[in-house]
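Undergrad: Quick one, what's the 3D model for this:
(4 chains)
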There are 2 protein chains.
Amino acid sequence: MILKSQVEWALHCCAILAGLPEGRYLSTKALAEFHGLPKEYLSKALQSLSQAGLVHTTLGPSGGYRLARPPAELTFLEIIEAVEGRAPTFVCTNIRANNPCRPQGYCESGPCAVARIMGEADEAWRAKLRSVRLSDLVASLSQEIPAELWRSSFEWVLDRAG
Amino acid sequence: MILKSQVEWALHCCAILAGLPEGRYLSTKALAEFHGLPKEYLSKALQSLSQAGLVHTTLGPSGGYRLARPPAELTFLEIIEAVEGRAPTFVCTNIRANNPCRPQGYCESGPCAVARIMGEADEAWRAKLRSVRLSDLVASLSQEIPAELWRSSFEWVLDRAG
DNA sequence: GGGTTGTTACTCGGATACGGCCTGTCCGAGTAAGTTTGG
DNA sequence: CCAAACTTACTCGGACAGGCCGTATCCGAGTAACAACCC
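TA: Alright, predicted model coming up:
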């Protein structure tokens, strides 16, 4: 059980987009080159974000992406679920129904104990991700990255925006 | 990101094994037929449990599996990790290293903020699973399953043990 | 009758096959900004 | 000088290929309990 690499890409791209000046857009090409990623494939991840309504997009030159909401109103979970999907990590195939001793027509209601516990663990994971906002990530990043590198990186990427 | 079906199978099988009388073993065949699962493939899940040291096995007739420890000393996490592997759900490919503005030879130490947050979420999931013991599952199951079905199921499966 | 041999039933591990999903690439359609052209 | 047409650069969506992994099956090797056999 492993998250697809697009999740990592989407999170890093959102961190960049969070620092974008109002009204400007960042192209897939700029984001791909900055992170050293295949442009065409990264585009798929950004499309997922767009489809989920987390980013806005504009066509034409100087087009690209920008966040649809301020970073403080975007959670990790939203970004991850946009790319990875909202399916629970554990799917119960209800194998208890195959019990040969089960009385005819007997139908247990609700999820079994196994599914319930796995669901709680899944929810613990999601709750943690829901509690972290994109603005928290930006705050962490700007703490652990030298101010000089932070500034020059933004210049570099803004240079490639229209 | 979805857990393999073997995880569900292993958990249900462990629940059955937890009620096994001392000194007896349960064969793959009995467990497979009881749950309506392909015997050969279920065997792979049980082999994983065996390799992780969670169950003991005996060859020959009346052979099979039994728990290596009492159910109160077996956690959900151990069972799941035995089948699913211990790899973290999020792998950081360290794409920050591709930043074109990164000074030559500059090497950031430790995981980046994204990896750290994802790691914390992963740990929240594991902590929940670590807190649930196999004996807790058995207690839940015996509450939600009619006593009669519980008893007859055990008779059925013990009938198929040597 | 006791020890030896053979049979049976099981686990274990490897080999193999198939399908689906993740990864990655390519290309055409549509759109918006800037440039050129024509009146 | 202004408006229309053209070019450019980007997003979007679909199509497609390759590879890995989960699912599933089959089979041979090894082992332990039991049955049969022989001295």
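Undergrad: For DNA strand D, what's the nearest residue on chain A?
TA: A:T57 (2.9 Å; Cβ to the nearest atom of the strand). For glycine as for every other residue, the C-beta is placed from the backbone atoms N, C-alpha and C.
Undergrad: So that residue: helix, strand or coil?
TA: strand (DSSP: H, G, I helix; E, B strand; the rest coil).
Undergrad: Tell me how many other residues surround it.
TA: Neighbour count for A:T57, taken as other Cβ atoms under 10 Å in any protein chain shown: 15.
Undergrad: doesn't A:Q51 make contact with it?
TA: No: here A:T57 does not reach A:Q51: they are 10.1 Å apart, not a contact under Cβ atoms under 8 Å.
Undergrad: Report the contact partners of A:A10.
TA: A:45-46, A:48-49, A:79-80, A:82-83 (Cβ atoms under 8 Å, 6 or more residues apart in numbering or on different chains).
Undergrad: Closest one of these to A:N98?
TA: A:I80 (34.0 Å; Cβ to Cβ).
Undergrad: pLDDT value on A:G105, please?
TA: A:G105 is assigned 66 on the pLDDT scale.
Undergrad: excluding its backbone neighbours, what's nearest A:T89?
TA: Distance criterion Cβ to Cβ, 6 or more residues apart in numbering or on different chains; nearest residue to A:T89, sequence neighbours excluded, is A:D122 at 5.0 Å.
Undergrad: and the gap between the one you found and A:A18?
TA: Relative to A:A18, A:D122 is positioned 27 Å away (Cβ to Cβ, to the nearest Å).
Undergrad: check whether the longest helix that chain A contains contacts DNA strand D.
TA: Longest helix of chain A, by residue count under DSSP state H: helix A:113-131. No: counting by Cβ under 7 Å from any atom of the strand, DNA strand D is not contacted by helix A:113-131; separation bottoms out at 14.1 Å.
Undergrad: what's next to that helix, contact-wise?
TA: So helix A:113-131 is contacted by A:75-77, A:80, A:88-90, A:92, A:111, B:3, B:8, B:11-12, B:15, B:76, B:117, B:120-122, B:124-125, B:127-129, B:132, B:136-137, B:140-141, B:144 (Cβ under 8 Å, 6+ apart).
Undergrad: just the buried members of the residues you listed?
TA: Listed as buried from the contacts of helix A:113-131 are A:75-77, A:80, A:88-90, A:92, B:3, B:8, B:11-12, B:15, B:76, B:117, B:121-122, B:124-125, B:128-129, B:132, B:136-137, B:140-141; burial here means 16 or more other Cβ atoms under 10 Å in any protein chain shown.
Undergrad: Could you pull out the strands in chain A for me?
TA: Using DSSP state E, the strands found in chain A span residues A:55-58, A:64-67.
Undergrad: Can you give me every residue that contacts the residue of chain A closest to DNA strand D?
TA: A:25, A:50, A:63-65 are the contacts of A:T57 under Cβ under 8 Å, 6+ apart.
Undergrad: can you narrow those residues to ones near DNA strand C?
TA: Among the contacts of A:T57, DNA strand C is touched by A:G63 when using Cβ under 7 Å from any atom of the strand.
Undergrad: now, which of the contacts of A:T57 sits nearest DNA strand C?
TA: A:G63 (6.4 Å).
Undergrad: how about the residue nearest to that closest one when sequence neighbours are not counted, phi and psi?
TA: Nearest residue to A:G63, sequence neighbours excluded (Cβ to Cβ, 6+ apart): A:Y25, at 5.7 Å. With angles defined as degrees, to the nearest 10, A:Y25 sits at phi -130, psi 160.
Undergrad: what number of residues lie near A:Y25?
TA: 20.
Undergrad: ok, now how distant is it from A:T58?
TA: 5 Å.
Undergrad: shared neighbours of these two, anything?
TA: A:G64.
Undergrad: Number of residues surrounding the closest residue to A:K44 other than its chain neighbours?
TA: In space, and not counting its chain neighbours, A:K44 is closest to A:Q6: 6.8 Å by Cβ to Cβ, 6+ apart. Using other Cβ under 10 Å, A:Q6 has 21 other residues around it.
Undergrad: ok, the nearest residue to A:P111 once chain neighbours are set aside - contacts?
TA: Excluding the flanking residues, the one nearest A:P111 by Cβ to Cβ, 6+ apart is A:C92, at 6.0 Å. Contact analysis of A:C92 by Cβ under 8 Å, 6+ apart lists A:111-112, A:114-115, A:118, B:8.
Undergrad: what does chain A put close to DNA strand C?
TA: Residues of chain A lying near DNA strand C (Cβ under 7 Å from any atom of the strand): A:4-6, A:38, A:40-41, A:44, A:58-63, A:162.
Undergrad: Show the buried residues in those residues.
TA: Buried among the residues of chain A next to DNA strand C (16+ other Cβ under 10 Å): A:5-6.
Undergrad: Could you dump the residues of chain A next to DNA strand C into CSV with pLDDT added?
TA: Below are the residues of chain A next to DNA strand C laid out as CSV (pLDDT from 0 to 100):
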residue, pLDDT
A:K4, 95
A:S5, 96
A:Q6, 96
A:P38, 94
A:E40, 94
A:Y41, 96
A:K44, 95
A:T58, 90
A:L59, 88
A:G60, 84
A:P61, 83
A:S62, 83
A:G63, 85
A:G162, 61
